[in-house]
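1. Give me a model of this one.
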Amino acid sequence: MSTSVTAVSQIRAERPAFRWSPYINEARFDLLKMLRLPMYSVASIAFPVMFYVLFGVVFGKQGGEGPQVARYLLASYGAFGVIGASLFGFGVGVAVERGQGWLQVKRASPMPPAAYFIAKLFTCMVFSVVIVLLLVAIGITAGGVHLTFIQGATLVTVLVLGSVPFCALGLAIAYFAGPNSAPAIVNLLYLPISFCSGLWLPINMLPKILQKVAPALPPYHLGQLALMALGFGHGTVAGHVMGLVGSAAIGLGLAWLGFQRDEHKTYG
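-> Sure, this is the predicted structure:
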């Protein structure tokens, strides 16, 4: 009995300890890489900021209810920006590196396989934080928006955590799209579903048919959760969370199918 206990203890002692350094290094280098790509870094931040300044601040003041408009659109354009950073970060970034054969190189290295995807998720979340904080700063300084610390923190938390399902959907796109077609496919999905989900205009201003379609679209649920953080929104928190969880499950399931397809093509 004592011999077997000693053997188990020896095996555990010889087992390599978990190391954080591969995850930290991969996340750091991936973030630096994306910061040096203006097509991603500038566009991901500039588009939601530009739209919010134009529609939330400038046009909002012309209607006589500037602070309320700016407050409402702060949540919806925050969701719009986070979704864009996630879909392009995963959908285009992974598709390009997959097409270049970079994923095979990563697999041949001693780096843990999960480190690559965790690094991508980290990068998308960092950009999401930057986008939301910029919009909050613009809303407070130029749009006359008044937020408590709790409301601001809740909005940032909801939007950053809400980026995860769209990272999963982007990963699904990356495994089925080529490096050249991925940007077009992401744009063809991203812009229409954002509009139809009420992220550009309040949902009650959309045509009746779109109001019925919107709850089936993932951006609608993130937008409503963000709006609830600022005192707007429809439905229940649980219902919207389940909608996002279901979207994440679908995205991961499709990504897994795409991964298995690649494995079969590469290794037979």
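2. Which stretches in the stretch 151-268 of the chain count as helices?
-> Listed in chain order, the helices found in the stretch 151-268 of the chain under DSSP state H, counting those that start in this stretch are 163-176, 182-196, 208-213, 218-229, 237-267.
3. of those helices, which approaches L31 most closely?
-> Between L31 and the helices of the stretch 151-268 of the chain, the tightest spacing by Cβ to Cβ is seen for helix 163-176, at 14.5 Å. (Glycine included, C-beta is placed from N, CA and C.)
4. Quick one: the helices in the stretch 1-150 of the chain, in order.
-> Under DSSP H, counting those that start in this stretch, the stretch 1-150 of the chain gives helices at 2-14, 21-35, 38-51, 59-62, 66-86, 93-99, 102-108, 113-141, 149-161.
5. where does this structure dip in pLDDT?
-> Applying pLDDT under 70 to the chain flags residues 1-18, 63-64, 268.
6. and the helices of the stretch 151-268 of the chain as JSON lines, adding mean neighbour count?
-> Shown next, in JSON lines, are these (neighbours: other Cβ atoms under 10 Å):
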{"stretch": "helix 163-176", "mean neighbour count": "25"}
{"stretch": "helix 182-196", "mean neighbour count": "17"}
{"stretch": "helix 208-213", "mean neighbour count": "12"}
{"stretch": "helix 218-229", "mean neighbour count": "26"}
{"stretch": "helix 237-267", "mean neighbour count": "15"}
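7. Select, out of those helices, the one closest to P48.
-> Using Cβ to Cβ, those put helix 182-196 closest to P48, at 10.2 Å.
8. could I have the closest one exported to CSV, CA atoms only?
-> The C-alpha coordinates for helix 182-196 follow below in CSV (Å, rounded to 0.1, in the frame of the first residue of the first chain):
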residue,chain,number,x,y,z
ALA,A,182,-13.7,36.7,-44.5
PRO,A,183,-13.8,40.5,-44.3
ALA,A,184,-16.6,40.7,-46.9
ILE,A,185,-18.6,38.0,-45.1
VAL,A,186,-18.2,39.7,-41.7
ASN,A,187,-19.3,43.0,-43.1
LEU,A,188,-22.3,41.4,-44.9
LEU,A,189,-23.4,39.9,-41.5
TYR,A,190,-22.3,42.6,-39.1
LEU,A,191,-23.9,45.7,-40.5
PRO,A,192,-27.3,44.3,-41.5
ILE,A,193,-27.9,42.4,-38.2
SER,A,194,-26.7,45.4,-36.2
PHE,A,195,-29.3,47.6,-37.9
CYS,A,196,-32.1,45.0,-37.7
